[in-house]
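In: 3D model of this:
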Amino acid sequence: MGTRQIRAVRRLMTGLLSLLLLCHLTPMVFSLSVRTQETSSTVGRPPQRLPDTRRPLDRARLGAAGLQVLESRRLLLVTDVPLEQVREIPEAVDALFDHLQRELGVLAADASGKEFQVTGYLMDAPERFQEAGLLPDEEFVIRHGRHLGYEFWMNNQSTDYYRRHLLFHEFVHCFLMCEHGMRDIPPLWYTEGAAEYFATHTVNPLQFGVLPSAETGFEGWGRITELRKTALLTDAVEPVNLESILQPKSREFTSELRYAQAWGLVWLLRTHPQLRTTFAELSRVRTRREFDTVLQRLTPELTVRLKIVWVLMLDSLEEGYEVSQAFPELNPKWQILDDASAMSVQVGVSADRGWQASGVSFSKPLDITLTGSGRCAVHDQPERWEAEAQGITIDYVHGRPLGELTAALVSRDGRSAVRRIPVGRGCTVSVEADTELWLQVNDSDAARTGNSGGFEVQIEAVR
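Out: Numbering: from 1, shown residues only. Prediction:
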């Protein structure tokens, strides 16, 4: 074979090898490209979760100590509580895990391929667990419940509902912390609020992240009651303003009020139709850095609006709060009415809605007159009750006649209390600077379905 032929064969072989190599690498390159795209869509998520370092349990020794073990796919429950009180909990935790993966994102895999499971210690007599060597160090104080890695410890509770709720709460913490641990976590109001939110549940059917429809069936929870009790929004009581939650004076999370505030704010962000869209990505955050990136959307203007929606919501929040009808609008349009203006404004107020923006705000102190007219229907079951602006005394809500035209003045910085003002057919009100006027037909915000009609309200500056 001549030199020229040898060179031709070499070129042919080189081309074939290159082609074979390209065919071999193309799927790999494509796979790497896909993985890169997947990674970019879950920025901040580690490829693996933290290792599961739980100690194996000696079940015979636990049984001798009076402790029993219940196990499901996601929960290993060690307890001295009678089994008839807790037998259904492990299966419910499995359902909670599936719900969390849908709502908060699929967890990173374990390096060894081990499935996610948590060990929970539900203690009626903590000394039994102490003697069995199952409690952490004395410095690890357990007030009601506390988590660490893939384990949590909790004291037994006096009601079936709150026993499950607290156990679900601690499980949510384990779920959220298993990828990054306690390093660089979001602020406590969010992590505790998220745990409270997802732990609030019903049994038949089994649902998580619910708003209680009544106090019955949620015994021991009391977050709405705590907010109402501590933040009754009257002239004499300072409200629980948003600033005190976002910028707390203390990091200690010990009071029932702190848990109630955290739950309320997370519930608001996840439920209000306008806020839910804006902060949807909060569901996917695990670290403080991710959290801060999403919270950059909370502009100064949006912060002001959120503060006002917060205090208006607290004024009316109760079990069964009708989300679709009761939430105040996030960003209504406003015009300034002051003593230099000769304007008169007329607005409508619907009986089937909660607090509604009048569209009028005030830049400086002045007196205004409010005049109400028209008719509305409040409740259509068991019979239809009709009311004019002065309301009807057949029933009372917030200490005033049902169906009465009511106003509220809210400071634009969201710091002062909502001041409810009975308007009826008409009244004169002194307003302070930098306030907004809101209106409603007096009724429970858990009972507006079926209401119809409303009032016309004339708003005029006193000259």
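
In: Heading C-terminal from the lowest-mean-pLDDT helix or strand in the chain, find the next helix or strand.
Out: Lowest on mean pLDDT, DSSP states H and E among the helices and strands of the chain sits helix 3-41, with a mean of 38. Scanning forward in sequence from helix 3-41 by DSSP states H and E, the next helix or strand is helix 59-64.

In: what does the next helix or strand after that following helix rub up against?
Out: Moving toward the C-terminus from helix 59-64, the next helix or strand (DSSP H and E) is strand 68-71. By CB atoms under 8 Å, 6 or more residues apart in numbering, the surrounding residues in contact with strand 68-71 are 57, 59, 62, 76-80, 83, 86-87, 89-90. C-beta: built from backbone N, CA, C; applies to glycine.

In: what do you get if the cut-off is 7 Å, keeping everything else the same?
Out: 57, 59, 62, 76-79, 83, 86-87, 90 (CB atoms under 7 Å, 6 or more residues apart in numbering).

In: And for stretch 82-100?
Out: Stretch 82-100 is contacted by residues 68, 70-75, 77, 79, 122, 160, 164, 167-168, 171-172, 175, 198, 206, 208 when judged by CB under 7 Å, 6+ apart.

In: hmm, 6 Å instead?
Out: The contact list for stretch 82-100, computed with CB atoms under 6 Å, 6 or more residues apart in numbering, reads 70, 72-75, 77, 79, 168, 171, 175, 206, 208.

In: Please put the alpha-carbon coordinates of that stretch into CSV.
Out: Extracted C-alpha coordinates of stretch 82-100, given in CSV (Å, rounded to 0.1, in the frame of the first residue of the first chain):
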residue,chain,number,x,y,z
PRO,A,82,-52.2,4.8,75.1
LEU,A,83,-52.2,3.5,71.5
GLU,A,84,-55.9,4.1,70.9
GLN,A,85,-55.1,7.9,71.1
VAL,A,86,-52.2,7.8,68.6
ARG,A,87,-52.7,4.8,66.4
GLU,A,88,-53.8,6.8,63.3
ILE,A,89,-51.0,9.4,63.5
PRO,A,90,-48.2,7.7,61.5
GLU,A,91,-50.5,7.1,58.5
ALA,A,92,-51.6,10.8,58.8
VAL,A,93,-47.9,11.9,58.8
ASP,A,94,-47.4,9.9,55.6
ALA,A,95,-50.2,12.0,54.0
LEU,A,96,-48.6,15.2,55.4
PHE,A,97,-45.3,14.3,53.8
ASP,A,98,-47.0,13.9,50.4
HIS,A,99,-48.8,17.2,50.9
LEU,A,100,-45.5,19.0,51.8
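
In: gap between it and the chain center?
Out: 22 Å (CA atoms, centre = their mean, to the nearest Å).

In: Any buried residues in it, and which?
Out: 86, 89-90, 92-93, 96-97, 99-100 (16 or more other CB atoms under 10 Å).

In: buried residues in the helix or strand containing V309?
Out: Here V309 sits within helix 300-316, counting by DSSP H and E. Residues of helix 300-316 classed as buried: 303, 305-316 (neighbour count, 16+ other CB under 10 Å).

In: Over to stretch 334-341?
Out: Within stretch 334-341, the residues that count as buried by 16+ other CB under 10 Å are L337.

In: Can I get the buried residues of stretch 82-100 in a markdown table including pLDDT and distance to I368?
Out: Shown next, in a markdown table, are these (pLDDT from 0 to 100; distance: CB to CB, whole Å):
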| residue | pLDDT | distance to I368 |
| --- | --- | --- |
| V86 | 98 | 59 |
| I89 | 98 | 57 |
| P90 | 98 | 60 |
| A92 | 98 | 54 |
| V93 | 98 | 56 |
| L96 | 98 | 51 |
| F97 | 98 | 55 |
| H99 | 98 | 49 |
| L100 | 98 | 50 |
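
In: Sounds good, over and out.
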